[in-house]
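>>> Provide a 3D model corresponding to the input given below.
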Amino acid sequence: MDKIDFIVTALNQLFPDPKPFLYHENSFTLLVAVLLSGNATDKMVNRVTPTLFAKANSPQKMAALSEATIRFIIRPCGLAPTKAKAIRALSQILVERYGGHVPSTFAELEALPHVGYKTAAVVLAQSFHIPTFPVDTHILRLAHRWKLSTKKSPTAVSKDLMRLFPKKYWTRLHLQMIEYGRAFCPARGHVVADCPICKRLCLTFFLV
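Predicted coordinates for the structure are as follows:
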């Protein structure tokens with residue numbers, strides 16, 4: 001079994017049914033939740049978004065809120081002024097240009113305020129079932145430790161991972177790798193002997 005097959009098999013065994021981490025109701029609320037997750041934990045975002053989405057779970061409703069209202073609700077997520085301005089602005093754009101719908105291409109999503117490659121990739125994968133490989137800090141760390149990529153930017157690492165793994169696994173692996181990073185492979189205090197995949201890779205492939 002080569003390294004890629006081993007990683008896929010191990011993650012399937014450890015996390016056979018991975019679920020999205022961010023609370024959302026539709027493609028728009030997912031877009032907002034992922035935007036909020038920048039510089040914030042998923043746990044914090046999930047504490048904030050039910051209140052926000054109770055007031056506005058569509059672009060039309062969000063655009064009708066004042067920036068100050070949005071900012072007050074999302075304040076615990078950090079960077080509230082910037083994020084509130086972006087959420088209200090992208091909501092207005094979705095209403096005016098897309099009839100209140102979230103577009104389903106990288107180009108259109110990344111043209112929205114404060115929406116980068118990772119946010120667009122998550123929305124495409126989870127809302128539109130378009131195979132992508134979003135890279136967050138956990139996946140970036142694992143990709144380096146497992147010698148899957150030497151690149152530093154999440155976008156570049158994502159492209160490397162998409163070359164290595166079959167397309168049918170991308171969305172699932174994204175979730176599995178995040179779960180694995182949180183459970184076994186932390187940024188600090190990492191112990192190879194207690195990390196199933198790193199331990200095996202070290203012993204078998206001498207790559208960790």
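>>> Give me the pLDDT value at the nearest residue to residue 37 once chain neighbours are set aside.
With sequence-adjacent residues excluded and distances taken as CB to CB, 6 or more residues apart in numbering, residue 37 is closest to residue 45, at 5.0 Å. Placement of C-beta: from N, CA and C, glycine included. pLDDT, residue 45: 98.
>>> for residue 45, phi and psi?
Dihedral pair for residue 45: phi -60, psi -40, per degrees, to the nearest 10.
>>> Pull the number of nearby residues for it.
24 (other CB atoms under 10 Å).
>>> distance of it from residue 99?
Residue 45 is 27 Å from residue 99, where distance means CB to CB, to the nearest Å.
>>> Then residue 86?
20 Å.
>>> re the thing from before, let me see the contact set for the residue nearest to residue 37.
22, 23, 33, 36, 37, 77 (CB atoms under 8 Å, 6 or more residues apart in numbering).
>>> ok, now which ones touch residue 137?
residue 187.
>>> Okay, now the unreliable bits of the protein?
Applying pLDDT under 70 to the chain flags residues 1, 206-208.
>>> And the helices in it, which stretches?
3-14, 27-36, 42-55, 59-64, 67-74, 80-98, 106-110, 117-128, 137-145, 154-164, 170-183, 196-204 (DSSP state H).
>>> So for residue 86 and residue 99, which sits in the more crowded spot?
Using other CB under 10 Å as the criterion, residue 86 and residue 99 rank with residue 86 on top: 21 against 9.
>>> isn't that one right up against residue 114?
Yes. Contact criterion CB atoms under 8 Å: residue 86 and residue 114 qualify, at 3.4 Å.
>>> what is in contact with those two at once?
Contacts common to residue 86 and residue 114, judged by CB under 8 Å, 6+ apart, are residue 35.
>>> and the residue positioned nearest the centre of the chain, what does it touch?
Closest to where the C-alpha atoms of the chain average out (CA atoms, centre = their mean) is residue 122, at 5.1 Å. By CB under 8 Å, 6+ apart, residue 122 lies in contact with 30, 34, 132, 134.
>>> would TSV of the residues you listed with distance to residue 58 and neighbour count be doable?
Below are the contacts of residue 122 laid out as TSV (distance: CB to CB, whole Å; neighbours: other CB atoms under 10 Å):
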residue	distance to residue 58	neighbour count
30	13	21
34	17	26
132	24	23
134	24	25
